[in-house]
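K.L.:
Give me the fold of what follows.
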Amino acid sequence: MSAKYTGKRIQFIVLSFVICGFSFAQHVPEETKVTYRDIDHALLKVAQLEPKTFDYAANKGRHEGSIVRQPYGFALENMREVFPALVSQTTVADRVGKNLYRKRSMLTVNDAGLIPVLVASIHELHAEIEKLKAEITELKADAVSNVRREK
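P.N.:
This is a model prediction of the structure:
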């Protein structure tokens with residue numbers, strides 16, 4: 001099996017796990033009582049986020065010293081400040097020998113948790129656009145009636 005094929009297979013497995021994980025996370029048994037609340041001030045919160053691109057150097061393993069690119073994301077400190085519930089601590093195992101692993105903890109961001117907030121902010125933008133359209137229509141009607149009165 002080539003390394004290229006293995007990489008694609010691993011990416012597929014991880015992606016499948018992520019997709020399945022999200023679908024399981026959204027399933028709530030009928031007997032569970034759930035209270036839903038609207039997401040308030042979503043647009044203000046999203047506006048506080050600072051999108052970034054990342055380049056970081058791998059410091060362990062066979063990729064040591066190489067630049068690893070994560071195209072888009074958010075600075076951890078910024079995300080923790082705006083959406084603290086989307087930042088969590090996880091434990092990962094780094095391989096340090098043939099059969100030797102060292103556990104370390106790291107903070108991770110649940111980017112998928114942003115999706116409902118982004119949708120709520122889109123709804124807020126849509127409501128604002130509709131309000132502005134109505135104001136424009138009203139101003140146009142007033143302008144037309146003023147022109148007719150002047151004649």
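
K.L.:
CA only for contacts and neighbour counts going forward, please
P.N.:
Noted.

K.L.:
which residues touch the spatially most central residue of the chain?
P.N.:
Residue closest to the average C-alpha location in the chain (Cα atoms, centre = their mean): D111, at 3.3 Å. Contacts for D111 (Cα atoms under 8 Å, 6 or more residues apart in numbering) come out as L86.

K.L.:
Three-state assignment for the closest residue to S121 other than its chain neighbours, please.
P.N.:
With Cα to Cα, 6 or more residues apart in numbering as the measure, L43 is the residue that lies nearest to S121, at 4.4 Å, once sequence neighbours are left out. For L43, the reduced secondary structure class is helix; criterion used: DSSP: H, G, I helix; E, B strand; the rest coil.

K.L.:
Give me the distance between L43 and A85.
P.N.:
Distance, L43 to A85, using Cα to Cα, to the nearest Å: 17 Å.

K.L.:
which of those two has more neighbours?
P.N.:
In terms of neighbours (other Cα atoms under 10 Å), L43 is the more surrounded of L43 and A85; the figures are 18 against 12.

K.L.:
show me what contacts the more buried one?
P.N.:
Shown here is L43, whose contacts under the criterion Cα under 8 Å, 6+ apart are L118, A120, S121, I122, E124, L125.

K.L.:
Any stretches of the chain with poor pLDDT?
P.N.:
Screening the chain residue by residue with the criterion pLDDT under 70, one finds the ranges 1-29, 57-66.

K.L.:
Okay then, goodbye and thanks.
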